[in-house]
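[1] Structure for this input, please:
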Amino acid sequence: MQRLEYLLGQKLFRRTGRGVIPSAEGEVFLGYATRILALGDEAVARLNEPPLDGAIYLGLPEEVALASLPAVLGRFRRAHPGVRLDVLVDNTAVIEPLWQEGKLDVIVATPSAVSSDALATWSVGLRWVCGLDYEPNRNAPLDLVVFADPCTWRRRMFEVLAEAGLNHRTAFTSPSVAAVQAAVENGLGIALLNPECIRPTSMQLVPSSLGLLDPLIVQYGLYGHLDRNTAINTVIDDLLDDLTGKTFQDDRIAKHLILTPQAGITV
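    Numbering: from 1, shown residues only. I've put the predicted structure just below:
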């Protein structure tokens with residue numbers, strides 16, 4: 001113990017009439033030591049687990065598939081090479097029926113379109129964006145770049161424009177995030193995009209003088225069936241770890257994660 005105190009340059013204990021007790025510095029060190037031991041136990045338990053195997057079927061919206069979740073799935077695949085990941089990227093209207101039929105194990109979708117309870121929900125602030133050389137004109141109908149139906153963003157976009165009393169016309173429609181991004185970059189109109197899909201080098205935020213609600217909040221949910229195996233629980237844990245560790249830097253955009261504990265999952 002004296003050697004440890006020498007290395008730390010701090011007294012970890014102090015003597016009292018009742019014996020030896022931790023000093024203030026010792027209490028701080030004890031907290032770290034407890035966490036280190038717990039991590040060691042966790043590492044040993046993880047390394048002694050039998051290798052995971054089987055297949056996991058996931059459904060992701062394109063705007064989520066373009067964000068950070070694929071990196072999480074990539075790390076999972078490298079850590080568990082015996083597990084086959086089959087990922088479907090499409091909109092919630094396609095993903096949700098497959099989920100209800102049991103053809104997908106884990107999905108990310110808009111909660112309003114899914115009847116099951118989510119393992120976690122979070123809010124994302126969509127931003128109104130346009131190309132760097134696009135100048136919206138209040139005296140003319142706004143050119144819109146929109147996602148094809150069915151799309152929750154599209155409906156909310158039209159609702160907000162109506163509330164703001166702005167005339168508009170649909171100039172470009174596509175189910176593809178990449179196509180919408182390209183249309184915005186080339187000045188075809190304004191669009192709603194989540195922060196991960198905005199390219200600062202070729203897009204700008206629509207001026208606040210237009211009076212549009214910004215950011216426009218939408219929700220996502222992470223869903224998993226109750227009868228999950230260890231491999232599915234592990235990938236869900238990894239996805240939740242990624243979600244809980246993320247916040248947007250812009251203080252006007254919030255990602256609020258609400259976890260719903262369920263049997264067989266650590267939250």
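
[2] in the longest strand along the chain, what's buried?
    Using DSSP state E, we find that the single longest strand of the chain is strand 120-131. Neighbour counts over strand 120-131 (16 or more other Cβ atoms under 10 Å) mark A120, T121, W122, V124, G125, L126, R127, W128, V129, C130, G131 as buried. C-beta here means a position set from N, CA and C on the backbone, and glycine is covered the same way.

[3] go on, stretch 217-237?
    218-224, 228, 231-236.

[4] tell me the average confidence for it?
    On average, the pLDDT along stretch 217-237 is 89.

[5] first to last residue in that stretch, what's the distance?
    Terminal residues of stretch 217-237 lie 25 Å apart, using Cα to Cα, to the nearest Å.

[6] gap between it and the chain center?
    Stretch 217-237 has its C-alpha centroid displaced from the chain centroid by 13 Å (Cα atoms, centre = their mean, to the nearest Å).

[7] The top helix by length along the chain packs against which elements?
    Longest helix of the chain, by residue count under DSSP state H: helix 24-47. Packed against helix 24-47 by the contact rule (3 or more Cβ pairs under 8 Å, 6 or more residues apart in numbering; DSSP states H and E) you find no helix or strand.

[8] which residues of the stretch 151-267 of the chain score low on pLDDT?
    By pLDDT under 70, the low-scoring segments of the stretch 151-267 of the chain are 244-267.

[9] try 90 this time
    The model of the stretch 151-267 of the chain has pLDDT under 90 over residues 151-167, 175-177, 194-197, 206-221, 225-230, 237-267.

[10] can you give me the strands in it?
    Per DSSP state E, counting those that start in this stretch, the stretch 151-267 of the chain has strands spanning 168-174, 191-193, 203-205, 216-224, 257-259. These are given in chain order.

[11] if we compare the ones you listed, which one ends up closest to V114?
    strand 216-224 (6.2 Å; Cβ to Cβ).

[12] elements contacting the closest one?
    Against strand 216-224 (3+ Cβ pairs under 8 Å, 6+ apart) you get strand 106-109, strand 120-131, helix 152-164, helix 230-244.

[13] if you set the cut-off to 6 Å instead, what comes out?
    Under the contact criterion of 3 or more Cβ pairs under 6 Å, 6 or more residues apart in numbering; DSSP states H and E, strand 216-224 touches strand 106-109, strand 120-131.
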